[in-house]
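Trainee: Below are the sequence and a predicted model; questions follow.
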Amino acid sequence: MSDDSDNEKTHDPTQKRLDDAHERGDVAKSQEVNTWFLIGGATLVLSSFGSSIGSGLEAPMRNLIANSWMIRVDGAGLITLAKTLGAAVFSAMAMPMLFLVIAAVGGNLIQHRFVWSAEGLTPKFSKISPAAGFARIFGKQALANFLKGLFKLIALAAVMCAVLWPERFRLDAMVHFDPTVILGVTVALTLKVMGAVVAMLTAVAIADFIFQYRTWYEKQKMSLQEVKDEHKQSEGDPHIKGKIRQLRNQMMKKRMMAAVPKASVIITNPTHYAVALSYERGMTAPICVAKGVDAIALKIREVAGVHDIPIVENVPLARALYATTKIDEAIPTEHYHAVAEIIGYVMGLKRGLNGRRT
């Protein structure tokens, strides 16, 4: 039972899981958002650049028709004509096409960060599996696409009827209009229809993006075992980390005990705390060479006793030094005076002992 619960994908994906999916090219993406940007961009291009496109193409076309009798129909002449017309079309359409490219790229970047991955191009046998194909045809995604397409078809028909039905009488009379007038009316009606389509697709794009994102997010969910495995990979095996920490503590303890004989004084609590300080003339401040509590403090006092290191009991100072001083670092300035008195006392004792011995 516990194994089954560990394998159920009920946990939210970690940031690493989401980043890995992004690197593989697996991102939440709605084609309806891209369609909205493209149609919206085309509508904006037609309304903003329509006249400039027409004027840009009008002059070369007039010239072509007016001088058609002068056009050479041999190979070189046709190539020259193609280059001339191509240059005219490119100059007229360059800015609108650039705007559409920006709209297409923006439709992707607004949904997710830039992604570059060749994994989607890698052949996979699962893509040609009959079972996978059946799941794609009759799965939740296929049903959502069918309902979305049906709604778009009905909504598009409703929008076009709502826009064009009031114009039916004018459309009937357009057969008697001058061609230049027909062009203007056609452009105006086209913009009206495209604007209504963009408004309709706004709701479709928002709903589809939410659906695609939720579907993608559910697919990225992790089982408890996957969360544990990822934690081990990123943070390291806790058993190994504990062993390393234990070895590090043992090495630090050995190093401290080796430094205790070099200490000038041991300040104790008297039994719970012990701090070993080293001081020599010319030093700006005493250095903490070892410290510990309980068992380590007892061991420090034992080593100090073997090597005749003076042990001074000062409960508040021992606690303060243990809390504020690191190994191999000078004591804080606020403890200079108290420690100086103790070291002066210890040095006085050593001088007295040395005097009696001589």
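Mentor: Yep, that arrived. As the structure is a computational prediction, the values presented were derived from the model and not from experiment. Numbers count the residues shown, from 1 in each chain.

Trainee: who touches the closest residue to I287 other than its chain neighbours in this structure?
Mentor: Distances taken as C-beta to C-beta, 6 or more residues apart in numbering put S278 closest to I287, at 5.0 Å, once the chain neighbours are dropped. Every residue, glycine included, has its C-beta placed from N, CA and C. Counting by C-beta atoms under 8 Å, 6 or more residues apart in numbering, S278 touches 259, 262-264, 286-287, 289.

Trainee: Going by neighbour count, which of those residues comes out on top?
Mentor: Ranked by neighbour count (other C-beta atoms under 10 Å), the contacts of S278 have P286 at the top, with 26 neighbours.

Trainee: Surely it touches I343?
Mentor: Yes - contact status for P286 versus I343: in contact at 6.6 Å, counting by C-beta atoms under 8 Å.

Trainee: Could you please give me the overlap between the contact lists of these two?
Mentor: With C-beta under 8 Å, 6+ apart, P286 and I343 have common neighbours 264, 277, 279.

Trainee: and which of those residues is nearest N108?
Mentor: The nearest member of those to N108, counting by C-beta to C-beta, is L277 at 65.4 Å.

Trainee: Relative to A259, how far out is the closest one?
Mentor: From L277 over to A259 the distance is 11 Å, taken as C-beta to C-beta, to the nearest Å.

Trainee: Can you spell out the domain ranges of this protein, please?
Mentor: Taking automatic domain parsing as the domain assignment, the ranges for the chain are 12-232, 257-357.

Trainee: Can you flag the weakest of the ones you listed by average pLDDT?
Mentor: Looking at the domains of the chain, the lowest mean pLDDT belongs to domain 12-232 (a mean of 78).

Trainee: Skipping adjacent residues, who's closest to H112 in space?
Mentor: V27 (4.2 Å).

Trainee: What is the helix or strand containing W36 packed up against?
Mentor: Applying DSSP states H and E as the criterion places W36 in helix 31-66. In terms of contacts (3 or more C-beta pairs under 8 Å, 6 or more residues apart in numbering; DSSP states H and E), helix 31-66 is packed against helix 75-109, helix 179-220.

Trainee: Just the residues contacting whatever helix or strand comes next after the longest one, thanks.
Mentor: Same thing as helix 179-220. Going down the chain from helix 179-220, the next helix or strand is strand 222-223, by DSSP H and E. For strand 222-223, contacts defined as C-beta under 8 Å, 6+ apart pick out 6-14, 17, 230.

Trainee: repeat that with 6 Å
Mentor: 7-9, 11, 13 (C-beta atoms under 6 Å, 6 or more residues apart in numbering).

Trainee: Deepest-packed of the domains of the chain, please.
Mentor: Each of the domains of the chain was scored by mean neighbour count; the highest is domain 257-357, a mean of 16, by mean count of other C-beta atoms under 10 Å.

Trainee: give me every residue that touches the residue nearest to N34 when sequence neighbours are not counted.
Mentor: Leaving aside its chain neighbours, N34 sits nearest to G107 (4.0 Å; criterion: C-beta to C-beta, 6+ apart). By C-beta under 6 Å, 6+ apart, G107 lies in contact with 33-34, 37.

Trainee: While we're on D3, how confident is the model there?
Mentor: On the pLDDT scale, D3 is placed at 54.

Trainee: Please identify the helix or strand for C288.
Mentor: For C288, the host element (DSSP H and E) is strand 287-293.

Trainee: Likewise for K326?
Mentor: Under the criterion DSSP H and E, no helix or strand holds K326.

Trainee: Pull the contacting residues for it.
Mentor: Counted by C-beta under 6 Å, 6+ apart, K326 has zero contacts.

Trainee: let's see it at 7 Å
Mentor: Neighbouring residues of K326 by C-beta atoms under 7 Å, 6 or more residues apart in numbering: C288.

Trainee: quick revisit: chain center to the strand holding C288, what's the gap?
Mentor: Computed by C-alpha atoms, centre = their mean, to the nearest Å, the chain-centroid distance of strand 287-293 equals 44 Å.

Trainee: got the phi/psi numbers for K221?
Mentor: phi -60, psi 150 (degrees, to the nearest 10).

Trainee: Check whether it really touches H11, as I assumed.
Mentor: Yes - counting by C-beta atoms under 7 Å, K221 touches H11, with 6.3 Å between them.

Trainee: Next, the residues that contact the strand holding C288 from outside, please.
Mentor: 256, 259-260, 262-263, 272-278, 300, 321-322, 325-331.

Trainee: So R113: helix, strand or coil?
Mentor: Under DSSP: H, G, I helix; E, B strand; the rest coil, the three-state class of R113 is coil.
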